[in-house]
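S.K.: Structure here, sequence nowhere to be found:
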């Protein structure tokens, strides 16, 4: 673990929750405010999410990753290990969180007040 970095599950979970909330209320300033917490993990998360087809905010996320200056030519996996950031767990957590958030926001069908008429008895 890098000196000063948080434990991997804490970083991963905290950042995943942050990203889930940011998906529909995106604010680059909020991302920059997280740099002091764990700059390499924030950069890696931004870079990863900028390359997905399901998160959105691609250009803003690319700028955030570039501003963090955490991506060396050696690639994202080395950065993930250096920051003790679990990219696979992060990806899973954000995907599940975004899916659950969508489900909560999905429009509900209108409440229908169908009165059930009493059954008629037919005698032959």
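M.R.: Nice, thanks for sending it over. These numbers were taken from a predicted model, which means no experiment stands behind them.
S.K.: buried ones in the host helix or strand of residue 32?
M.R.: Taking DSSP states H and E as the definition, residue 32 sits inside helix 28-33. Neighbour-count burial for helix 28-33, counted by 16 or more other Cβ atoms under 10 Å, picks out residue 31. All C-beta spots, glycine's among them, are computed from the backbone N, C-alpha and C.
S.K.: as a whole number, average confidence for it?
M.R.: On average, the pLDDT along helix 28-33 is 94.
S.K.: In the helix or strand harbouring residue 36, which residues are buried?
M.R.: Using DSSP H and E, residue 36 maps to helix 35-50. Going by neighbour count (16+ other Cβ under 10 Å), the buried part of helix 35-50 is 38-50.
S.K.: One more: stretch 10-23?
M.R.: Residues 11-12, 15-16, 18-20, 22-23 are the ones in stretch 10-23 that count as buried (16+ other Cβ under 10 Å).
S.K.: Quick check: next helix or strand after the element among helices and strands of the chain having the smallest mean pLDDT?
M.R.: Here the helix or strand of the chain ranked lowest by mean pLDDT, DSSP states H and E is helix 76-83, holding a mean of 54. Later in the chain than helix 76-83, the nearest helix or strand by DSSP H and E is helix 87-105.
S.K.: ok, now how distant is the residue nearest to residue 39 when sequence neighbours are not counted from residue 46?
M.R.: Nearest non-adjacent residue to residue 39, counting by Cβ to Cβ, 6 or more residues apart in numbering: residue 68, 5.3 Å away. As judged by Cβ to Cβ, to the nearest Å, residue 68 and residue 46 stand 7 Å apart.
S.K.: Please identify which helix or strand holds residue 55.
M.R.: Residue-wise, residue 55 maps onto no helix or strand under DSSP H and E.
S.K.: for the closest residue to it other than its chain neighbours, what are its contacts?
M.R.: Spatial nearest neighbour of residue 55, chain neighbours left out: residue 49 (4.4 Å); criterion: Cβ to Cβ, 6+ apart. Shown in contact with residue 49 (Cβ atoms under 8 Å, 6 or more residues apart in numbering): 19, 55, 57, 61, 94.
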